[in-house]
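Asker: give me the fold of what follows.
(chains A, B, C and D)
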2 protein chains.
Amino acid sequence: MTTTPRDRLLDAAGELFYREGVGVGVDALCKAAGVSKRSMYLLFDSKDELIAASLDRRAPDYEAVLRPPDGGTPRERILHVFRAQDGLTGQPTYRGCPLVATATELKDATHPANAVARRHKQAMTDFFAAEARTAGAADPDTLAAQLTMVFDGAAARAVMRAEPLAGLGVTTATALLDAAGVV
Amino acid sequence: MTTTPRDRLLDAAGELFYREGVGVGVDALCKAAGVSKRSMYLLFDSKDELIAASLDRRAPDYEAVLRPPDGGTPRERILHVFRAQDGLTGQPTYRGCPLVATATELKDATHPANAVARRHKQAMTDFFAAEARTAGAADPDTLAAQLTMVFDGAAARAVMRAEPLAGLGVTTATALLDAAGVV
DNA sequence: CGGGGAGGAAACCGATCGGTCTACAGTCAG
DNA sequence: CTGACTGTAGACCGATCGGTTTCCTCCCCG
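Answerer: Now for the predicted structure:
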């Protein structure tokens, strides 16, 4: 057995919940994963826990796509994130930032998946803050919060497909970096 | 009869779909509106049409809250939108921009409610563009797209409650206006 | 007074929801 | 071989889904 039922469940959940929303039923999910409901409920306490676990599983891959390779200036490293995002938003399968989309769908701030989303989003802000600090920005925390906001805004625009202007996130982040004196 | 069944349905739908998501059932919705399912399905072809119609109904009120009063400089008029948004995001009942949230939940870009959301969002961008043009910005369309993106980003941040910094939308919009030479 | 339309209450439809449970196949250790 | 363990298939539970239909009440107009 190359993949465990747990792996298959998390992978199928990550894809289906992102593509069709968390309203996808447990039956359809288990069928897609090739796992019986019985096994699913032995592995996870509830569908809600599975949502949270699948988001936690998906997040590292998401971050890996966005994170810049080693080296380069802080400015370039930050802009790499927005360029990578631009590549994602151009795809027809793009449904927004998975973290924000899940939080938006779940509404309930106490949902376990919401804590997962918050944690991984904070990691992105922390990355921006560390780079901004390295670059000697006057207020790295505020700049990091602004950049995260631009990231989420670019994702939202892409979802609504009211985005005739590609690279909007990159140009806006550039403007903020300029304003913050990050060369 | 002070309110028609149609009005009660649209109002209840606007509130419930925003507060709990479009997954709310037709039964619960009709009960909240004090309207029978029979009447609902005589007034609307389907739940999807009701979602679209309720969003269309809600949008003018939403815009009225954000739109600045007559007068003032373009810069002040633009910043008024972000200050008004800041007031909304501070409320515990805030669940994000209704237009973006609906589009995010529905996934399907061909859903009638998605067209409604796009149209109203475009109206906001058009407002920004008109003000930027009045102010003599070099590229008013790009600036308007950036401001809309910041607006949606601020909404997304507020949803996730990873928002220790109030007024983030206002300060970021200010930075973009400064960069675009809109005094 | 009598008739017709509007609209509420609720039964009903097949399908699906999240979740539980039984039955059985395969695989390992002893 | 036996017994424990893991896993699938799928029936089953009550509830709810979107949507349709029947029935009845009310009110307005003639």
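
Asker: confirm for me that residue A:24 is in contact with residue A:16.
Answerer: Yes - between residue A:24 and residue A:16 there is a contact under Cβ atoms under 8 Å: 4.9 Å. To be clear about C-beta, it is placed using only N, CA and C from the backbone, and glycine gets the same treatment.

Asker: what's the burial count for residue A:158?
Answerer: Counted with other Cβ atoms under 10 Å in any protein chain shown, the neighbours of residue A:158 add up to 24.

Asker: ok, now residue A:29?
Answerer: Counted with other Cβ under 10 Å, residue A:29 comes out at 22.

Asker: helix/strand/coil for it?
Answerer: Here residue A:29 takes the helix state, with states given by DSSP: H, G, I helix; E, B strand; the rest coil.

Asker: for it, give me its contacts.
Answerer: A:9, A:12, A:13, A:16, A:40, A:50 (Cβ atoms under 8 Å, 6 or more residues apart in numbering or on different chains).

Asker: mind doing that once more with 6 Å?
Answerer: Applying Cβ atoms under 6 Å, 6 or more residues apart in numbering or on different chains to residue A:29 gives the contacts A:13, A:16.

Asker: in chain A, what residue is nearest chain B?
Answerer: Across chain A, the shortest distance to chain B (Cβ to the nearest Cβ) belongs to residue A:153, at 2.7 Å.

Asker: distance of the closest residue to that residue other than its chain neighbours from residue A:156?
Answerer: Once flanking residues are discounted, residue A:153 sits nearest to residue B:153: 2.7 Å by Cβ to Cβ, 6 or more residues apart in numbering or on different chains. Distance, residue B:153 to residue A:156, using Cβ to Cβ, to the nearest Å: 7 Å.

Asker: same question for residue A:131.
Answerer: Distance from residue A:131 to residue A:156, by Cβ to Cβ: 23 Å.

Asker: same thing with residue A:138?
Answerer: Residue A:138 is 28 Å from residue A:156, by Cβ to Cβ.

Asker: equivalent analysis for residue A:44, please.
Answerer: 30 Å.

Asker: pick out whichever of the two has more residues nearby.
Answerer: residue A:156 (31 against 20).

Asker: tell me which element that one falls in.
Answerer: helix A:140-160 (DSSP states H and E).

Asker: the inter-axis angle of that helix versus helix B:140-160?
Answerer: With axes from the mean of the first three to the mean of the last three Cα atoms, to 10 degrees applied, the angle from helix A:140-160 to helix B:140-160 works out at 100 degrees.

Asker: tabulate the CA atom coordinates of helix A:140-160 in CSV.
Answerer: The C-alpha trace of helix A:140-160 is given here as CSV (Å, rounded to 0.1, in the frame of the first residue of the first chain):
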residue,chain,number,x,y,z
PRO,A,140,8.1,46.3,9.4
ASP,A,141,5.0,45.0,11.1
THR,A,142,2.7,47.5,9.5
LEU,A,143,4.3,46.9,6.1
ALA,A,144,3.9,43.2,6.6
ALA,A,145,0.2,43.6,7.5
GLN,A,146,-0.3,45.8,4.4
LEU,A,147,1.4,43.3,2.1
THR,A,148,-0.7,40.4,3.5
MET,A,149,-3.8,42.6,2.9
VAL,A,150,-2.7,43.2,-0.7
PHE,A,151,-2.2,39.5,-1.1
ASP,A,152,-5.7,38.7,0.1
GLY,A,153,-7.1,41.5,-2.0
ALA,A,154,-5.5,40.2,-5.1
ALA,A,155,-6.9,36.8,-4.4
ALA,A,156,-10.4,38.2,-3.9
ARG,A,157,-10.2,40.2,-7.2
ALA,A,158,-9.1,37.1,-9.1
VAL,A,159,-12.1,35.1,-7.7
MET,A,160,-14.5,37.7,-9.0
